[in-house]
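Chemist: This is a predicted model, with the sequence first.
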Amino acid sequence: MKKVFFKSFFTGLLCFSAIFAQTANEIAKKVHDLPNGKTSSSIISITLVDKNGKNRNREIVSYTMKEGTTDKTVLVFKTPRDVAGISYLSYDYPDKADGSTVDSDSWIYLPAMKKVRRISGSSKDDDFQGTDFTYDDLGNRSLSKDDFAILGSEKVNGVDCWILEAKAKDSKAKVSRRVTWVDKKTYVTYKGEYYDKQNRLQKTLICENIKQVKGYWTTQKMTMTNVQSNHKTIYEVKDLKYDEAVNTSFFTVSALERELVK
């Protein structure tokens with residue numbers, strides 16, 4: 001009788017876990033697939049705050065466009081003078097029909113060297129130009145790179161959220177897992193935690209000024225804090241426009257090299 005009980009118990013537990021994991025995958029996909037317009041343009045104000053509270057300010061112009069199933073993004077630093085002209089281009093592709101990963105293509109142009117450098121897969125967990133956001137944070141990370149689980153639910157600023165864990169399948173990944181608090185109704189992220197290779201908390205993310213702009217849920221302020229180095233980066237989105245014409249010639253490596261993106 002005891003054997004039958006335990007067999008039934010563990011069979012039920014495994015079935016429950018499978019359903020739970022499937023639900024986590026569905027939530028992750030809805031977060032991943034949140035609509036963000038066919039095109040967008042904006043100014044991004046960046047504030048870097050060091051451990052002594054000293055601020056450095058930067059400004060980026062951002063353009064995005066969707067071409068078929070490919071999401072293209074170009075970012076160009078406008079100020080201050082020491083980083084002006086540095087530009088970044090990325091192409092994010094959907095996963096293949098069999099669920100396998102298609103790595104994004106991304107490049108960075110450094111005007112001081114007059115050279116475009118490709119960002120390899122191993123470098124995408126590196127910090128983006130002195131900020132606390134990685135290259136991977138700038139794009140739409142492939143769902144097939146992670147295993148997902150729901151850790152529970154919790155309210156953030158009165159909003160009922162899923163606590164969603166994304167654990168990197170690559171054991172060598174610099175960010176071993178990401179935990180995000182996702183609005184159960186809109187699937188917008190309200191906060192996050194990022195863990196290093198040793199599974200130590202490395203960074204925290206706070207999302208603010210979340211609202212609909214032309215029908216698209218938009219986070220207009222993000223603060224990423226590296227709790228290990230006591231350094232943080234504040235992104236604030238300004239002058240945001242969706243579904244308006246953008247210069248499609250900006251989204252090429254040649255445009256970076258010729259410094260055409262304005």
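Modeler: That came in fine, so what should we check first? The model shown is predicted, which means the values in this text are computed figures rather than measured ones.

Chemist: pLDDT wise, what is the spatially most central residue of the chain at?
Modeler: Closest to where the C-alpha atoms of the chain average out (CA atoms, centre = their mean) is D137, at 3.2 Å. pLDDT, D137: 89.

Chemist: Now do the contacts for it.
Modeler: Going by CB atoms under 8 Å, 6 or more residues apart in numbering, D137 touches F128, M224. Any C-beta I mention is one placed from the backbone N, CA and C, and that applies to glycine too.

Chemist: so it sits in a helix?
Modeler: Yes. D137 sits within a helix when classified using DSSP: H, G, I helix; E, B strand; the rest coil.

Chemist: How much space separates it from V83?
Modeler: For D137, the distance to V83 (CB to CB, to the nearest Å) stands at 18 Å.

Chemist: And for K72?
Modeler: Distance, K72 to V83, by CB to CB: 22 Å.

Chemist: And for V31, nearest residue in space, chain neighbours not counted?
Modeler: Leaving aside its sequence neighbours, V31 sits nearest to Y187 (CB to CB, 6 or more residues apart in numbering; 4.9 Å).

Chemist: same thing with V188?
Modeler: Of all residues not flanking V188 in the chain, W217 sits nearest, at 4.9 Å (CB to CB, 6+ apart).

Chemist: Burial check on that neighbour, number of neighbours?
Modeler: Using other CB atoms under 10 Å, W217 is surrounded by 16 other residues.

Chemist: what are the bridge partners for it, then?
Modeler: With DSSP bridges as the criterion, W217 is bridged to Q212.

Chemist: what does V237 give?
Modeler: What pairs with V237, by the bridge criterion (DSSP bridges), is I44.

Chemist: Which parts of this protein are helices?
Modeler: For the chain, the helices defined by DSSP state H cover 2-32, 135-138, 253-257.

Chemist: can you tell me which of the ones you listed the model trusts least?
Modeler: helix 2-32 (a mean of 57).

Chemist: Now the terminal residues of stretch 34-43, how far apart.
Modeler: Using CA to CA, to the nearest Å, the end-to-end distance of stretch 34-43 comes out at 21 Å.

Chemist: buried sites along that stretch?
Modeler: N36, G37, T39, S40, S41, S42 (16 or more other CB atoms under 10 Å).

Chemist: wait, doesn't the third one sit right on V246?
Modeler: Translated: T39. Yes. Assessed by CB atoms under 8 Å, T39 is found in contact with V246 at 4.8 Å.

Chemist: ok, back up a step: gap between the residue nearest to V31 and K214?
Modeler: 18 Å.

Chemist: Give me the more crowded residue out of those two.
Modeler: Between Y187 and K214, counted using other CB under 10 Å, the more crowded position is Y187 (19 against 12).

Chemist: wait, what's in contact with the residue nearest to V31?
Modeler: Residues counted as contacts of Y187 (CB under 8 Å, 6+ apart) are I27, K30, V31, L34.

Chemist: Which pLDDT does the model give the nearest residue to D127 once chain neighbours are set aside?
Modeler: Once flanking residues are discounted, D127 sits nearest to T134: 6.0 Å by CB to CB, 6+ apart. At T134, the pLDDT value in this model is 92.

Chemist: Burial check on T134, number of neighbours?
Modeler: By the measure other CB under 10 Å, the count of residues near T134 is 20.

Chemist: so what's it up against?
Modeler: Applying CB under 8 Å, 6+ apart to T134 gives the contacts K124, D125, D126, D127, F128, K174, V175.

Chemist: Kindly indicate which of those lies nearest R141.
Modeler: Of all the contacts of T134, R141 sits closest to K124, with 8.8 Å by CB to CB.

Chemist: which stretches of the stretch 51-200 of the chain have low pLDDT?
Modeler: Applying pLDDT under 70 to the stretch 51-200 of the chain flags no residue at all.

Chemist: how about the strands of it, start to end?
Modeler: Using DSSP state E, counting those that start in this stretch, the strands of the stretch 51-200 of the chain run over residues 55-67, 70-79, 87-92, 105-110, 115-118, 146-156, 159-168, 177-183, 189-195.

Chemist: and E208, bridged to which residues?
Modeler: K221.

Chemist: so who does it touch?
Modeler: Per CB under 8 Å, 6+ apart, neighbours of E208: T219, Q220, K221, M222, T223.
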